[in-house]
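[1] please work out how this folds:
(2 chains)
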Amino acid sequence: MNEIPLEAGLLLATILFAIGLLGVMTRRNIVFVLMSLEIMLNSAGLAFVLAGARWGSADGQIMFLMILTLAASEVAVGLGLIIQMYKKFKTVDIDVLSALKG
Amino acid sequence: MISLFYVAAIVAVIASMLVIIQVNVVHALIYLVLSLLAIAVVFFSLGAPFVAVLEAIVYAGAIMVLFLFVVMMLNLGHASRQQERVWLATSGWLLPSLLAGVLFWGVVSSLPSIDLSVSVIGAREVSIRLFGPYVLAVELASFLLLAGLVSAYHIAKR
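    Numbering: from 1, shown residues only, chains lettered A, B, ... in the order given. So this is what the prediction gives:
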């Protein structure tokens, strides 16, 4: 079919990862932090699919399925923790979680 | 196909940037769905239609609906949006932007320049690999999902 430069795809994955990292470091609302984590996981999956397309094999897509599984379970547990945190502290500010024993 | 790739890539980058600068959580979620759908189009243009469909169904469908339900349960009102505006206006963006820029530059300066010749790898090839050499990984993924289910139920119940 036609040619797509590999570096354009890897550049896209890197930009998305940097945006997600910026969101994780900057935002104080824990829901936004979790969303930025989703962006980062997604960019890692994009890099795997690109690598699989480079070698013409299905292994990259299989690794993306594993990342999808990981993201699903991570989000389920993380959102449960957010609900608990909101019940206890009545806020979504991550700075209230700075002590080990709340 | 290549123009599809570039258009979807630009949409994904812009939508992801809009996600992290939003004040309202629901607006950010909608932009995140847009970003995920754009990346699904990127997967399609890279010759991975099975993964593109899974991205649209599982990521943009299931996981985002989970987010939406939790945002509805939290019921963050007008006061939290005001608080977000105050937090976003600070100079706390500078150092994280610098760090992310250093990471970005470090990766970009070592990118290989190869042209992909796109060939479609569909559900058939992926499934043959998945239930051949990778069957143990499938079992481990099911363990992970079960552990996630049980712990999410336990944590959110108390």
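[2] tell me the contacts of the nearest residue to B:Val41 once chain neighbours are set aside?
    Nearest residue to B:Val41 in three dimensions, chain neighbours excluded: B:Ala8, at 3.8 Å (C-beta to C-beta, 6 or more residues apart in numbering or on different chains). No exception for glycine: its C-beta is placed from N, CA and C like everyone else's. Applying C-beta atoms under 8 Å, 6 or more residues apart in numbering or on different chains, we find B:Ala8 in contact with B:Ala38, B:Ile39, B:Val41, B:Val42, B:Ser45.
[3] recalculate using a threshold of 10 Å.
    A:Leu12, B:Leu37, B:Ala38, B:Ile39, B:Ala40, B:Val41, B:Val42, B:Phe43, B:Phe44, B:Ser45 (C-beta atoms under 10 Å, 6 or more residues apart in numbering or on different chains).
[4] and if you look at B:Val108?
    Neighbours of B:Val108 in contact, by C-beta under 10 Å, 6+ apart: A:Glu7, A:Leu10, A:Leu11, A:Thr14, A:Ile15, A:Ala18.
[5] give me the element the third one is part of.
    Here A:Leu11 sits within helix A:6-26, counting by DSSP states H and E.
[6] the contacts of B:Ala8 in helices, which ones?
    Taking DSSP state H, the ones among the contacts of B:Ala8 that sit in helices are A:Leu12, B:Leu37, B:Ala38, B:Ile39, B:Ala40, B:Val41, B:Val42, B:Phe43, B:Phe44, B:Ser45.
[7] ok, and the most crowded of these?
    Within these, most neighbours by other C-beta atoms under 10 Å in any protein chain shown means B:Ile39, with 31 neighbours.
[8] so what's that one up against?
    Neighbouring residues of B:Ile39 by C-beta under 10 Å, 6+ apart: A:12-13, A:16, A:39, A:42-43, A:45-46, A:49, B:8-9, B:11-12, B:15-16, B:51-52, B:55-56, B:59-60.
[9] what's the pLDDT at it?
    B:Ile39 is assigned 95 on the pLDDT scale.
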